[in-house]
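Q: could you look at this predicted model? Sequence included:
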Amino acid sequence: MAVAVQNDEVTIEVPTHEDWEDIYAMFSGGINIDGDPQSLEAERPLFEPSRSLIVRAGGRVVGTLGANTRQIAVPGAVVPAAHGCRGAVSATMRRQGILTRLMRRHFEDARALGEPITLCWASEGRIYHRFGYGLSVRRLGLNVNAREVTVPKGEEPGRIVEGTVADLRDALVKVYDQVYADRPGWSERTAAHWDYRLADTMAMRQGASALRVAVHEGDDGIDGYALWRVRSNWTANGPISDVVVIEQVSTTPEAYRALWRFLLSVDLTRSASTWAVSVDEPLFYWVGEPRQLDAHLCDALWIRVVDVPKALAARRYATPIDVVIEVTDDFMPENSGTWRLTGSPEAATCTPTSEQPELWFDVRALGAAYMGGTSLSALVEVGLVKEVRHGALAAASTAFRWHKSPYAFELF
């Protein structure tokens, strides 16, 4: 980690554990929320001082940017990635280049630690384009009219069982660990990450009930679970409550269908909502009235490639690929260059070359395409990719895709 630097009485430095309260207060104000004591303590164990930066001016913390050390699933592999978090600058210190300096340090540190990519959830996408991030994972939010969506008749084998978070935690961890590495966009969870995911603070409830857990028991034991709440609502004509689905994770199709059948039929509710499902969510092909899912599309993970050859060699490719690419990275010139990328579903290499490029990439395009959910052909239309050799684009676009759409639902 680089040492503190000073510029006009503004210092950027590595914090200590004692700075946590000031960081939390500054970040909360930066995103226009008040913060609260429960959230302060719930987030504390995830704070990694050595992966964080703070900006001081006049003795006050006026900026911050942190990272969580985690791995994330990418097409065909799991890679270390800087999970960027708590990035904000005080309103009175904006437009002074502070965030630019924080980002540069953040990228340099990630690269030095062997993390080929950094990623974040963006408060506003316009902030991150200029730093070389690409929109890599999108999400669908659902507001399901449970009365009209028409779930197919039938009953899956096994049974749904409710329990407490404490009693079922080990089962949740086991199910998640079985599937996360195969779904681009899902991150590993240590005990600390599970503690936060299940913390159930009042801020997390957002006016809904305490966190509830339902699991599906199949022939071989628990093979799926749902974390959910109920937002209670009663009118003069009766209940119109909403099931709020936090996450639903399954290892079998039977568990998936059984859990959704349960979530869409909870007594005294008339709807179900979820903040994030995949753009290829299977519900669209299962229910009778998919329009009643009331889906809306939004951005999810933004990815910044900070080490081009390492990042491209770390993932796998849907079809064989052998192409020479040129990458331009204005923000990190050391990341620019020409490489020969050779890959398949089993392995990949990316090495410097003096050969003529067949495709040109803006570094933002690499981030956008990295998780396998974005077509290179689409990126051509907005000038982020250019085909130099005719025919190279179609083959590379096919290879960069993946058989499972990337998907993310966990804020960090």
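A: In hand now; what should we look at? Residues are numbered from 1 along each chain as shown.

Q: can you name the residues that contact Glu387?
A: Glu358, Leu359, Val380, Leu393 (Cβ atoms under 8 Å, 6 or more residues apart in numbering). To be clear about C-beta, it is placed using only N, CA and C from the backbone, and glycine gets the same treatment.

Q: which ones are touching Glu115?
A: Taking Cβ under 8 Å, 6+ apart as the definition, contacts of Glu115 comprise Val79, Pro80, Ala81, Ala82, Val306, Asp307.

Q: show me which of those residues is closest to Gly221.
A: The nearest member of those to Gly221, counting by Cβ to Cβ, is Val79 at 30.2 Å.

Q: name the element that closest one belongs to?
A: Val79 is part of strand 77-89, with elements assigned from DSSP states H and E.

Q: pull the distance from that strand to the chain's centre.
A: Between the centre of strand 77-89 and the centre of its chain there are 9 Å (Cα atoms, centre = their mean, to the nearest Å).

Q: helix or strand right after that strand?
A: Note on strand 77-89: by DSSP H and E, the next helix or strand toward the C-terminus is helix 98-112.

Q: about what we covered before: tell me the angle of the strand holding Val79 relative to helix 98-112?
A: Counting by axes from the mean of the first three to the mean of the last three Cα atoms, to 10 degrees, strand 77-89 lies at 160 degrees to helix 98-112.

Q: before we move on, back to that, I'd like the contacts of Glu115 as TSV, with neighbour count and pLDDT appended.
A: Written out in TSV, the entries for the contacts of Glu115 read as follows (neighbours: other Cβ atoms under 10 Å; pLDDT from 0 to 100):
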residue	neighbour count	pLDDT
Val79	18	98
Pro80	16	98
Ala81	28	98
Ala82	26	98
Val306	28	98
Asp307	21	98
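
Q: count the neighbours of Arg126 for me.
A: When neighbours are defined as other Cβ atoms under 10 Å, Arg126 has 8 of them.

Q: by contact count, what packs against the strand ranked longest in the chain?
A: The residue-count maximum for a strand in the chain (DSSP state E) belongs to strand 60-74. With contacts defined as 3 or more Cβ pairs under 8 Å, 6 or more residues apart in numbering; DSSP states H and E, strand 60-74 has these neighbours: helix 20-30, strand 53-57, strand 77-89, helix 98-112, strand 117-121.

Q: can you give me the strands for the stretch 251-400 of the chain?
A: For the stretch 251-400 of the chain, the strands identified by DSSP state E, counting those that start in this stretch occupy 269-277, 295-299, 301-305, 321-328, 337-343, 348-352, 359-362, 385-387, in order along the chain.
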